[in-house]
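Asks: Requesting a structural model of the entry that follows:
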Amino acid sequence: MPRIFRRARATAAGTASDAGSGVREHSPVDARPLADPAHAPAPVPADLTVPAARSAAAASTGQWAVDVTIAVGETLVSLQLGLNNPPEQWQHLDALGIVLTCVINMMTMIRRTYPLTVMLLCTALWGWYVELGYWPVVNSLAPMLMCYTIASLRPPRWAGTAAGLLSGVWVYATVRGHAGGVVTALAQGVVFSGVLWRFGDQARKLAASNIALASTAEALRLDQEARAREAVALERARIARELHDVVAHHLSVVSVQAGLARYVLASDQGTAARALDTVMDSTSEALEELRRILALFRPASSEPYSPSAGLRELPALTERIRSSGVDLEVRTTGSPYPLTPGADLCAYRVVQESLTNILKHAPGSRALVAVEYARDRLAIRISNDTSAPVKGAGTGNGLLGMRERTRVYGGSLDAGPRPGGGFVVLLTLPTAGGSSRPPGESPDS
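Replies: Sure thing, here's the model as predicted:
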């Protein structure tokens, strides 16, 4: 089990390292701590019990109903057997025998909650039942069930004790009824109790293994979620630092120089002109640096930088993808209408990233881009089939970026494999009343 956990954790660590290989400096962002193997739930050893899990299972309504049903059925079968004609060396059931039969068998309904206590009482009453001269086979089901139960819930030392009690009463009953020799009775008792012990012990080990696997799977899930959150937080922090450095510096220069120009505009026009020149230079330099920052997030291409991409660029993007070997079809339903710049750019980038993924992982396949202009939303579906072999799975960072971008504009993005093969990405952006604008963006910006 620990080997499985370490292998899965190493895979997750390699993926996170590849995703963040660009900038890995310390971030002040308060990221949640990652799951660590040292603090992950440890696998349960095969020779230990899990009392908390067992107690919870015994307390459940469904398990209680099952135990009651087994106890009632066992009691009815035992009474039916006991009320028939027993062998001649054993007496018929009377009122006391019927009461003992009911008590011995009905006790098994609480066998999961108090297994050791029930086993002791059950074997003691069974031994008394045999001593009174009743047929031992009638009440043999309950002690055998208790032997299996203890073996499945408790460590081997308690299972051995239960098997010894069962064998002891079995041997006594055989000798008491003169049904065979001591050696034969002892062999029967050891075989029967040993088989029950074996099956119960295997059930206990299987339950412990399942709990350990569930703990490991939960630890891996938490670790993946934490690493995904850390990757998003680090990327946000890096972009925030870059934008802060560019915007804060240049806007500070612009503010100072604009204030100076306004102050000396009437008295010293030469100084005012030089201040305005500085403002122009600072804004131009800031725009150029912002272009360089944002260019890091665009797929590599040889085309010149376009400052305001949108769905109007879709025909050009379609031609580039087709020329690369993808059989691409574009369908548009509804009457196209203008979107806010942010939502328009978001829609275009999602289509661009999805088609780029198709080009990378399934070149030569057939793809479809369906654009639907509804009254209050824009829906875009990008899908491909399995007509071309898949070259390999991606890291998932592209999907994370698309979801982050979509969330900014109040939309949703779903992505996953298609039932018949291939992959599909569904983007939905609200458009009614300008609801696709993030805070601070005006319709005419």
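
Asks: now the longest helix along the chain, how far from the centre of its chain.
Replies: Criterion DSSP state H: the longest helix present in the chain is helix 182-264. Chain-centre distance of helix 182-264: 9 Å, with Cα atoms, centre = their mean, to the nearest Å.

Asks: averaged over its residues, what pLDDT does that helix have?
Replies: For helix 182-264, mean pLDDT is 78.

Asks: What is the subsequent helix or strand relative to it?
Replies: Using DSSP states H and E, the helix or strand that follows helix 182-264 in sequence is helix 269-295.

Asks: Output the contacting helices and strands for whichever helix or strand comes after that next one.
Replies: As assigned by DSSP H and E, the chain's next helix or strand after helix 269-295 is helix 314-323. The contact analysis (3 or more Cβ pairs under 8 Å, 6 or more residues apart in numbering; DSSP states H and E) places helix 314-323 against strand 327-333, helix 341-361, strand 366-373. Every C-beta, even on glycine, is put in place using the N, C-alpha and C of the backbone.

Asks: how about helix 314-323: buried residues?
Replies: 314, 317-318, 320-321 (16 or more other Cβ atoms under 10 Å).

Asks: Could you list the residues in contact with it?
Replies: 328, 330, 348, 351-352, 355, 358-359, 367, 369, 371 (Cβ atoms under 8 Å, 6 or more residues apart in numbering).

Asks: ranking the helices and strands packed on helix 314-323 by mean pLDDT, which is last?
Replies: helix 341-361 (a mean of 85).

Asks: In it, which residues are buried?
Replies: 341-359, 361.

Asks: give me the low-pLDDT residue ranges for the stretch 301-445 of the chain?
Replies: 301-308, 387-397, 432-445 (pLDDT under 70).

Asks: Could you rerun that using 80?
Replies: Applying pLDDT under 80 to the stretch 301-445 of the chain picks out residues 301-309, 320-321, 323-325, 359-364, 386-399, 401, 420, 432-445.

Asks: chain center to the helix or strand hosting residue 99: distance?
Replies: In the assignment (DSSP H and E), residue 99 maps to helix 95-106. With Cα atoms, centre = their mean as the basis, helix 95-106 stands 50 Å off its chain's centre.

Asks: please renumber so the chain begins at 12
Replies: Okay, residue one is now 12; in that scheme the one you just asked about reads as helix 106-117.

Asks: which residues sit against that helix?
Replies: 82-83, 85-86, 89-90, 93, 102, 104, 133, 136-137, 139-140, 143, 145, 149-150, 152-153.

Asks: send the alpha carbons of stretch 283-290 over as CSV?
Replies: Below are the C-alpha coordinates for stretch 283-290, written out as CSV (Å, rounded to 0.1, in the frame of the first residue of the first chain):
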residue,chain,number,x,y,z
ALA,A,283,4.6,71.3,-20.0
ALA,A,284,5.4,69.9,-23.5
ARG,A,285,8.4,67.9,-22.2
ALA,A,286,6.2,66.5,-19.4
LEU,A,287,3.5,65.4,-21.9
ASP,A,288,6.3,63.8,-24.1
THR,A,289,7.3,61.8,-21.0
VAL,A,290,3.7,60.8,-20.5
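
Asks: roughly how far is it from the heart of the chain?
Replies: The answer for stretch 283-290 is 59 Å, by Cα atoms, centre = their mean.

Asks: picking that back up, quick one: mean pLDDT for the helix holding residue 110?
Replies: 88.

Asks: hang on, the earlier thing: got the buried residues of helix 325-334 as JSON lines, with distance to residue 228 columns?
Replies: Compiled in JSON lines, the buried residues of helix 325-334 are given as follows (distance: Cβ to Cβ, whole Å):
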{"residue": "325", "distance to residue 228": "42"}
{"residue": "328", "distance to residue 228": "41"}
{"residue": "329", "distance to residue 228": "42"}
{"residue": "331", "distance to residue 228": "42"}
{"residue": "332", "distance to residue 228": "39"}
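
Asks: how close does the residue nearest to residue 366 when sequence neighbours are not counted sit to residue 440?
Replies: Of all residues not flanking residue 366 in the chain, residue 332 sits nearest, at 5.0 Å (Cβ to Cβ, 6 or more residues apart in numbering). Going from residue 332 to residue 440 by Cβ to Cβ, to the nearest Å gives 22 Å.

Asks: cool, and residue 220?
Replies: 47 Å.

Asks: Looks like residue 145 contacts residue 101 (just checking).
Replies: Yes - using Cβ atoms under 8 Å, residue 145 is in contact with residue 101, at 6.2 Å.

Asks: mind checking how far stretch 328-346 is from the chain centre?
Replies: 36 Å.

Asks: try stretch 72-92
Replies: The answer for stretch 72-92 is 38 Å, by Cα atoms, centre = their mean.

Asks: what's it in contact with?
Replies: Residues contacting stretch 72-92 (Cβ under 8 Å, 6+ apart): 68-69, 104, 109, 112-113, 115-123, 146, 148-150, 152-153, 156.

Asks: For PyMOL, what selects the buried ones among those?
Replies: Listed next is the PyMOL selection for buried residues among those, using 16+ other Cβ under 10 Å:
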select buried, resi 69+104+112+115+116+118+119+120+121+122+123+146+148+149+150+152+153+156
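
Asks: give me every residue that touches the closest residue to residue 283 other than its chain neighbours.
Replies: Take residue 283 and drop its neighbours on the chain: the residue closest to it by Cβ to Cβ, 6+ apart is residue 272, 4.3 Å away. Residues counted as contacts of residue 272 (Cβ under 8 Å, 6+ apart) are 282-284, 286-287, 290.

Asks: Drop anything exposed from the residues you listed.
Replies: Counted by 16+ other Cβ under 10 Å, those give 283, 286-287, 290 as buried.

Asks: so which of those residues comes closest to residue 227?
Replies: Each of the buried ones among the contacts of residue 272 was scored against residue 227 by Cβ to Cβ, and residue 290 proved nearest at 60.5 Å.

Asks: Please verify my assumption that that closest one contacts residue 267.
Replies: No - here residue 290 does not reach residue 267: they are 9.3 Å apart, not a contact under Cβ under 8 Å.

Asks: picking up where we left off before, would you format the contacts of helix 325-334 as a markdown table with distance to residue 233 included?
Replies: Shown next, in a markdown table, are the contacts of helix 325-334 (distance: Cβ to Cβ, whole Å):
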| residue | distance to residue 233 |
| --- | --- |
| 339 | 40 |
| 341 | 41 |
| 359 | 35 |
| 362 | 33 |
| 363 | 33 |
| 366 | 34 |
| 369 | 32 |
| 370 | 34 |
| 378 | 36 |
| 380 | 36 |
| 382 | 38 |
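
Asks: Out of those residues, which is nearest to residue 160?
Replies: residue 369 (57.3 Å).

Asks: ok, that closest one touching residue 379?
Replies: No - if you go by Cβ under 8 Å, residue 369 and residue 379 don't touch, sitting 10.3 Å apart.

Asks: Excluding residues flanking it in the chain, which one is nearest residue 442?
Replies: residue 389 (5.4 Å).

Asks: Residue 148 now?
Replies: residue 92 (7.1 Å).
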